[in-house]
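A.B. asks: Predicted model follows, preceded by the sequence.
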Amino acid sequence: MKTIHSIEFHTGSKEELFPGFANDFPYIASRAELDRYTGRYVPWHWHKAVELFYMESGCLEYHTPGGRLSFPAGSGGMVNSGILHMTKAMSQTEKNIQLLHIFDGSLIAGEQGSRIEQKYITPIVMAPQIELIPLFPDNAADEGILKRIVESFRFTENSFGYEIKLRESLSEIWLLLFERCRPVLEKKSKYNKNSDKLKLMMTYIHEHYPEKIAIPTLAAAAYLSERECFRVFHDSLHMTPAAYIKAYRLQAACQMLARGQEPVTAVSHACGLGNSSYFGKVFREYAHCTPSEYRKKWQDRDI
């Protein structure tokens, strides 16, 4: 299991990049120390692989287009394939450790088009009504699933039969999740195209954030009118396009400040935030400190 302190993305988008995620065994295990992430949060992103997680310590808040949920230590859940989500640590002081299984459904299903894929995998990963499956220990059924998730992290990569044992464990967990979701799956839900449109616009922003971004141009990236552009952002992220652009630029500035030595003025221009006076004002509103104080805080950390 790899310990991680940051997130990587595919170039030009916010689809998460998983180093070591191989076609012949599409799986990685991670121990995410969220208290060591810059800003103690993971920005909006998505990935085709499903995300099965357990909170070892701290409390983490998940945001999806459908809402937000808090996961204290001892809880866990699963983020479905392709779902937009962001997370942030609820405390600025305590350790926040999350254990993660990231895997493609084919790990369990085997050959594409198999009976297992059709009966057990596709119904969940293609269900628009399932964004996030929460699991809490005070629920008897959830407690059993959580126990199996914890046990599944005990397999070691160098042990004999590791791949088979891990796949068997994940298959058992998946079947329990399937049973838990059965009532939800029986309620048919129409696919919401907002997520696909939003991803197109987010990708455009991630590629062009240092530049001036006009809302008509942003809307055109997803073949939408300006009015529809505003509606999609409001319905999914509960903010305006301009607010998201500004937040993304500030997140990029935080990353540059935490990892580099560029002058503050250079950072502000590189992130599309204009002159240093305006940058200083909006940065203080966002991070509750000056850019220089933020840099010192994160570069002085023992990471």
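C.D. replies: Cool, the structure landed. Numbering: from 1, shown residues only.
A.B. asks: and the longest helix along the chain, what does it pack onto?
C.D. replies: Assignment by DSSP state H gives helix 162-185 as the longest helix of the chain. In terms of contacts (3 or more C-beta pairs under 8 Å, 6 or more residues apart in numbering; DSSP states H and E), helix 162-185 is packed against helix 106-109, helix 122-125, strand 132-135, helix 140-152. Quick note: C-beta positions are derived from backbone N, CA and C, even for glycine.
A.B. asks: Name the residues of it that are buried.
C.D. replies: Going by neighbour count (16 or more other C-beta atoms under 10 Å), the buried part of helix 162-185 is 166-167, 169-170, 173-174, 176-177, 180-181.
A.B. asks: check contacts around the closest residue to Phe103 other than its chain neighbours.
C.D. replies: Closest residue in space to Phe103, ignoring its immediate chain neighbours: Tyr27 at 4.2 Å, by C-beta to C-beta, 6 or more residues apart in numbering. Applying C-beta atoms under 8 Å, 6 or more residues apart in numbering to Tyr27 gives the contacts 21, 101-104, 107, 166.
A.B. asks: try it again with 10 Å
C.D. replies: 18, 20-21, 49, 101-104, 106-107, 163, 166-167, 170 (C-beta atoms under 10 Å, 6 or more residues apart in numbering).
A.B. asks: What's the ChimeraX line that selects buried ones from those?
C.D. replies: Buried residues among the contacts of Tyr27 (16+ other C-beta under 10 Å), as a ChimeraX selection:
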select :18,21,49,101,102,103,104,106,107,166,167,170
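A.B. asks: Let me see the domain layout of the protein.
C.D. replies: 2-185, 194-299 (automatic domain parsing).
A.B. asks: In CSV, list those domains along with mean pLDDT.
C.D. replies: Formatted as CSV, the domains of the chain follow (pLDDT from 0 to 100):
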stretch, mean pLDDT
domain 2-185, 90
domain 194-299, 91
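A.B. asks: any idea how far the helix or strand where Met201 lies is from the chain center?
C.D. replies: Assigned by DSSP states H and E, Met201 belongs to helix 194-208. Taking C-alpha atoms, centre = their mean, to the nearest Å, the mean C-alpha location of helix 194-208 is offset from the chain mean by 15 Å.
A.B. asks: now do stretch 180-188
C.D. replies: Using C-alpha atoms, centre = their mean, the offset of stretch 180-188 from its chain centre is 24 Å.
A.B. asks: can you map out the helices along the stretch 201-303 of the chain?
C.D. replies: Along the stretch 201-303 of the chain, counting by DSSP state H, counting those that start in this stretch, helices occupy 215-220, 226-237, 241-259, 264-270, 276-287, 291-299.
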